[in-house]
Every structure is written in C-alpha cells, then in structure tokens.
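Chemist: here is my input, please return the structure:
(3 chains)
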Amino acid sequence: MSQGRFEAGQRVRIDDRTPPVHHRVPSYVKGQIGLVERVCGLHPEPEKCIRGDGKPFQRIYRVRIPQTDLWQPYEGTDGDNLEIEIFEHWLEPAE
Amino acid sequence: MNEPWGPHDIGGQMAGPIDQSEHENAYWEWQIDAMVRLALAKGLISDFAELRDGIEQLSPDDYDQLSYYERWAKSLAYTLVAKGVFTEQQIGDKVSEIRRRQEAEGLL
Amino acid sequence: MTDHQGHDHSRTFQPDHPEPISDAARVGLALRELLFENDHYTADEEQAVIAKMQGASPENGGKIVARAWTDPDYKRRLLEDGAESIKELGFELEPYEFTVMENTDTAHNVIVCTLCSCYPRALLGMSPAWYKSGSYRSRVVREPRAVLSEFGVNLSDDVDVRVHDSTAELRYMVLPQRPAGTDDWSEEDLAAIVTRDSLIGTQRELAVR
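Modeler: Prediction:
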C-alpha cells in the first residue's frame, strides 16, 4: 500500500491557490515552505465533500513551519513552530 | 499576508484580548448540536464539511454577530435548502409559527 | 463601532440571550421541528445524542494522561498512534486521527483550529467558549507566547512553542508533564489533577493538592 508522495523530513511547499469552493488551507500558510513532520492517514478531500462529488480520499501530512518564516516581526524563539495538517494535493516538493 | 478567503479565515489577524469567561450551552444549543450530528448520521448532509461550508458562506456581518450555534443553525438551513430537503418558504412559515408561540409565552 | 478594544471578531455566545429568541435561533428550532415532522429523527434520538455529548468530559483525557504517566510503553504507543491507543482504554474518536503531543522541559504544545473550532469533543467534552472565539483563533498562531501569558503561562526562552492548527481530520490533545511529588500516586489520583486547559495547552503546570 502506497505511503504517499512525501516522506517525513521532506521539504514541501504549500500551494497558494484560492479555489472558489470550501477548502481547508488557511491563507496564512499558503505559499509557505515547511518540513513534513509526519505522514498521516487517508481522509476525504474537503473540496469534494460538498454536495456529493463522491468523497475521494487523499493522504494528509503534518507540515512544520518556523514561526519566524510566517511572521515578521515574531515574538518568540527561533525554535517556535507552527504545525498544520495539509492534504497531499496541496503540496509540492521544495528544495 | 495573503488575502483571507472568507470570514472564517482569520488565523494571524490582529484581535483583542481573549474573553476567558465560561459558557454553558443553553438547552436549545445542545438541540442544535444534536440536530447537526443527526443530520449527518441520517445522511441529510454527507459530511461535516457541508456545515463548515455553510458557515463560510455567511456574510461577514452574520459571521461576526451571530453566536456559535446561531451560525450552525443558519448554515444547516442554507445546506438543507440547497439540497432540496426543505424550501425557504417552509422554514419561514415554521419560524413565524415559533415566533407567535414565543410571543404567547411572553418570551419576547 | 470603531473601537476594537476587546472586540471579539467572531462571537461565540450571546450573553444576553439564554433563550432562543433571536432570528437565527428560531431558524434552528424551525429546522428541528421540520425534521421531526418529516420523520428524519425522533425526540428520543435527540435525547440520546445530547446525553452522549454531555457524558464526554476532560476526565476522559485525564484517564489517558494518567495511563501514559504510569506506563511508559503505553505512552510510546499513544504518541505514535493516538487513535489506536485510546481504544485500549475504551475510547475512540473515529473517523478522526487522534494525535497526542507531549510537553517536555524544552517544548510546550498548544492547540487551535483557526478556520472553525475543531476539537476532540466526543473524547474531551465541549470546547471552551474562548477556544471557539475569533480572538483566540486569530492570535494564538501569530503570537502564542502573548496568548499563553494571558492564560497565566509564561515561558522562558529555554522552551520552544509548538502551535498545532487542526485544519483537517486530526484531533489533538496535549500530554502535560507529570508534576513532581506524585511518584507513588494511583492512576485515579493522577487523572484527577489533569485539567481541560492543560489538554489544550493553555495551562502548563498542574496543581498538586
């Protein structure tokens, strides 16, 4: 059984598109680069859950982003992180 | 920062101090909560995402001014009308009936 | 209103209306009556769902924490696969992935759902009003240390903060650190000192009676 496109520790970029439907990627992380903290399970794609588009399942990944990347200025340490779960179809590999 | 997509997309925005007072659900709020869970269990809504979508469709004013369960109520109404389970007329008529009942009970 | 001092963008509750007398509350009641009239569900079913929701409480989380504190192997399993491990204690949260984050001397965890208010209710009971509030959801991802200070948690620079934004199908609980002076305590006594706020992350130290 496939474990998905991405591995723990891999650098990924969160897409910054704005589809005109319900989606679960907050604006503040769109376009950000982070590390996959862990690979999670398969869950229904939110965009397809509205009014019966068949509920296809996708893998979720927890992505860790340094707070200092998200906010300038940021009040805290360089070790402070934001961790967020993102569906596979929102991620691309990053260098 | 990117533009927020809807009234719910508020992570990272500036805001005031957090009101830490506790709130026990009123009984009608439990009833709204149960209604949504049962709507899901009975297949009237296919996924909790439909409730979230309905909330995200609220006007910014509604989103700001309605309470948590009031948002759930409006969201469920929007979704059940969109899915053809009830018409806006049916809901409106029932709301009027409830209002008359509440007036008669001296609640208003 | 131009004064934003204390303005809670995204209100949680209406303190002046404990009765369902707003327009939106009446819409909710109207839907309920229509659903009854059309045999979609019954008053008994409603009762059962409400009773079940009212039966969940942070005490469940306390039991899980106490087991993790007293059984290192269980703790390892819990941190690796929360969803499966809680079944060993008779709990479950399917279809959500229950995920436990451990506080340590150098890390403090805090949970939020910025987009709405996802929370492991069936396991921990109702989320607090502040958890659902616009102020918490907006601010804790951006200035967690300031928010934590408002809750009485003041962290030194030796401790990193991990904020977890619950956006999809994961549901989180913080595993607080076991306080000193509790080495010979029973699981029951340990569970009793765990608080709701320590499971969310707005409390770090647990009081030892």
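Chemist: buried residues in the longest helix along chain B?
Modeler: What stands out as the longest helix in chain B, according to DSSP state H, is helix B:88-104. If you call a residue buried by 16 or more other Cβ atoms under 10 Å in any protein chain shown, then helix B:88-104 has these buried ones: B:90-91, B:94-95, B:98-99, B:102. All C-beta atoms are positioned from the backbone trio N, CA, C, and that covers glycine.
Chemist: pLDDT of whatever helix or strand C:Ala122 lives in, averaged?
Modeler: Assigned by DSSP states H and E, C:Ala122 belongs to helix C:121-124. The predicted model assigns helix C:121-124 a mean pLDDT of 92.
Chemist: picking that back up, report whether the longest helix of chain B contacts chain C.
Modeler: Yes: applying Cβ under 8 Å from any Cβ of the partner chain, one finds helix B:88-104 touching chain C at B:90-91, B:94-95, B:97-99, B:102.
Chemist: got CSV for these, with pLDDT and distance to C:Val153 too?
Modeler: Listed next are these as CSV, based on pLDDT from 0 to 100; distance: Cβ to Cβ, whole Å:
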residue, pLDDT, distance to C:Val153
B:Gln90, 98, 50
B:Ile91, 98, 45
B:Lys94, 98, 47
B:Val95, 98, 44
B:Glu97, 97, 49
B:Ile98, 97, 44
B:Arg99, 97, 46
B:Gln102, 95, 44
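Chemist: pick the one among those residues closest to chain A.
Modeler: The shortest approach to chain A among these belongs to B:Ile91, at 18.7 Å (Cβ to the nearest Cβ).
Chemist: which stretches of chain B form helices?
Modeler: Using DSSP H, the helices of chain B run over residues B:27-41, B:48-56, B:60-65, B:68-82, B:88-104.
Chemist: sorry, back to before: which helices and strands does the helix holding C:Ala122 pack with?
Modeler: Applying 3 or more Cβ pairs under 8 Å, 6 or more residues apart in numbering or on different chains; DSSP states H and E, one finds that helix C:121-124 makes contact with helix C:43-55, helix C:58-70, strand C:170-175.
Chemist: tell me which of these sits nearest to A:Gln58.
Modeler: Of all the helices and strands packed on helix C:121-124, strand C:170-175 sits nearest to A:Gln58, with 13.7 Å by Cβ to Cβ.
Chemist: past that closest one, which element shows up next along the chain?
Modeler: Using DSSP H and E, the helix or strand that follows strand C:170-175 in sequence is helix C:187-192.
Chemist: what sits up against that next one?
Modeler: C:59, C:62-63, C:65-67, C:69-70, C:178, C:182 (Cβ atoms under 8 Å, 6 or more residues apart in numbering or on different chains).
Chemist: of the residues you listed, buried ones?
Modeler: Listed as buried from the contacts of helix C:187-192 are C:62-63, C:65-67, C:69, C:178, C:182; burial here means 16+ other Cβ under 10 Å.
Chemist: closest to chain B out of the helices and strands packed on helix C:121-124?
Modeler: Comparing the helices and strands packed on helix C:121-124 against chain B with Cβ to the nearest Cβ, the closest turns out to be helix C:43-55 (4.1 Å).
Chemist: enumerate the positions of the closest one that are buried.
Modeler: Of the residues in helix C:43-55, C:45-46, C:49-50, C:53 count as buried by neighbour count, 16+ other Cβ under 10 Å.
Chemist: from those residues, pick the one nearest chain A.
Modeler: C:Val49 (21.6 Å).
Chemist: okay but the closest one is in contact with B:Arg37, surely?
Modeler: Yes: if you go by Cβ atoms under 8 Å, C:Val49 and B:Arg37 touch, sitting 5.5 Å apart.
Chemist: name the element residue 75 belongs to?
Modeler: Chain wasn't specified; assuming chain A. In this structure, A:Glu75 sits in neither a helix nor a strand according to DSSP H and E.
Chemist: nope, chain C please
Modeler: C:Lys75 belongs to helix C:72-80, assigned by DSSP H and E.
Chemist: longest helix in chain C, by number of residues?
Modeler: Counting residues, the longest helix in chain C under DSSP H turns out to be helix C:23-37.
Chemist: okay, buried residues for it please.
Modeler: C:24-32, C:34-35.
Chemist: show me what from chain C comes close to chain A.
Modeler: Close to chain A, as judged by Cβ under 8 Å from any Cβ, chain C has residues C:95, C:97, C:114-115, C:141-146, C:157, C:160-170.
Chemist: export the contacts of helix C:187-192 to a markdown table and tack on distance to A:Leu35 and pLDDT?
Modeler: A markdown table is the format used below for the contacts of helix C:187-192 (distance: Cβ to Cβ, whole Å; pLDDT from 0 to 100):
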| residue | distance to A:Leu35 | pLDDT |
| --- | --- | --- |
| C:Glu59 | 36 | 97 |
| C:Gly62 | 33 | 97 |
| C:Lys63 | 33 | 98 |
| C:Val65 | 28 | 98 |
| C:Ala66 | 33 | 98 |
| C:Arg67 | 31 | 98 |
| C:Trp69 | 30 | 98 |
| C:Thr70 | 33 | 98 |
| C:Arg178 | 29 | 98 |
| C:Thr182 | 35 | 97 |
